[in-house]
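Q: after the sequence you'll find the predicted model.
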Amino acid sequence: MIYLGAIMPDGVLVVGIIFLAAIAQSITGFGFALIAVSLLTTVLGLQTTVPLVSVMSLFSNGILWYFYRHEFDRPMVLRLSLAGMVAMPLGVLALRHVPQHLAIQVLGVVIVAYVLYDFCNLALPPLKAQAWVYGIGFLAGLLTGAYNVGGPPVVLYGNCQKWTPQMFRSNLPAFFLINSAMAIVVHLLQGNYTAEVWRYALYSTPLFILGLGMGAAIARQLNPALFRKVVLVLLFLTGLNLLR
C-alpha cells in the first residue's frame, strides 16, 4: 500500500484540515473556505491552497444548492455573481503578483475583521441602492479570486438587508456555487491547477464527504450557535497568526 504521507509529506495534514473544515461547515452552515484557507495557507502557501479550496468549495456549495435550489433569490444572486465575475480575474492576478507574505497578512486582516464583526453583532442600516449589490459582488469576487474567501462581504450585505436564516441558507450556496465555478475557470486559465493541487483534491474528497455527513450527525447533538462561537474564536486566533 502507498501511504499518502509518502507521496505528499503534508498530505495527511491537508486532508485532516479539509475534513475538519467540512465538519464545521456542516454543523454551523458557514466557514468551510475561511477555515480551510486560513489553516492550509500555513502548510501549502496561497498558490496551492486557493485553487485547491476552490474545487472543494464547488462540491460543498453544489450539495447545499441542490437542497435549496427552488428557494434562492435568482435576480439578486445573478447581480452579485455578475459583479463578482468582473472582479475575480483581478483577484487571481493579485494572488500571482503580490508578494506572498503581504497577501497572507491581508488575508489575516480579512479574517480578523470578519470575526470581530460577527461577534459584535452590529445592527447595520439597509442598503437600498442597487449599486450596493454590484459593489458587494465585486468585492466578494475580488476576495474569491485572491483567497477564495468571498463570503464576508455577502454575509454583511445579507445582515444589512435583514435576510432570514432561510434566505442565508438558500442565497449563499447559490452565489458561492457560481463564484467557485468561475474561480476554477480563471485559475485553470492562469495555470494554477498543478498536478500537486489535483492530487490533494483527489485524496481529500472521501474525507471531505465524510466530514459533511459527520457534521450533519453531530449537529443534532450539539448547540450549533455555541459551536459557531468556538469556530469564530479559532478563526480569530488563526487570523492573528497570519498577521505575524
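A: Arrived safely, thanks for sending.

Q: residues contacting the spatially most central residue of the chain?
A: Residue closest to the mean C-alpha point of the chain, counted by C-alpha atoms, centre = their mean, is A33 at 2.5 Å. Shown in contact with A33 (C-beta atoms under 8 Å, 6 or more residues apart in numbering): 53, 57, 148-151, 176. For glycine as for every other residue, the C-beta is placed from the backbone atoms N, C-alpha and C.

Q: in helices only, show me these.
A: Among those, the members found in helices (DSSP state H) are 53, 57, 151, 176.

Q: ignoring the adjacent residues along the chain, who's closest to the second one?
A: Same thing as S57. S180 (4.4 Å; C-beta to C-beta, 6 or more residues apart in numbering).

Q: rewinding a little: okay, the residue nearest to the centre of the chain: pLDDT?
A: According to the prediction, A33 has pLDDT 89.

Q: helix or strand: which one has it?
A: helix 32-44 (DSSP states H and E).

Q: picking up where we left off before, of the ones in helices among the contacts of A33, which is the nearest to L212?
A: Relative to L212, the closest of the ones in helices among the contacts of A33 is S57; by C-beta to C-beta it sits at 12.2 Å.

Q: right, and the closest one touches F32 too?
A: Yes. Counting by C-beta atoms under 8 Å, S57 touches F32, with 6.4 Å between them.

Q: correct me if wrong: L232 contacts V112.
A: No. Taking contacts as C-beta under 8 Å, L232 lies outside contact range of V112: 10.7 Å.

Q: so for whichever strand or helix holds I178, mean pLDDT?
A: Using DSSP H and E, I178 sits in helix 165-189. Regarding helix 165-189, the rounded mean pLDDT is 89.

Q: ok, now stretch 65-84?
A: On average, stretch 65-84 scores 90.

Q: in it, what counts as buried?
A: 65, 68, 72-73, 76-77, 79-81, 83-84 (16 or more other C-beta atoms under 10 Å).

Q: sweet, I'm off.
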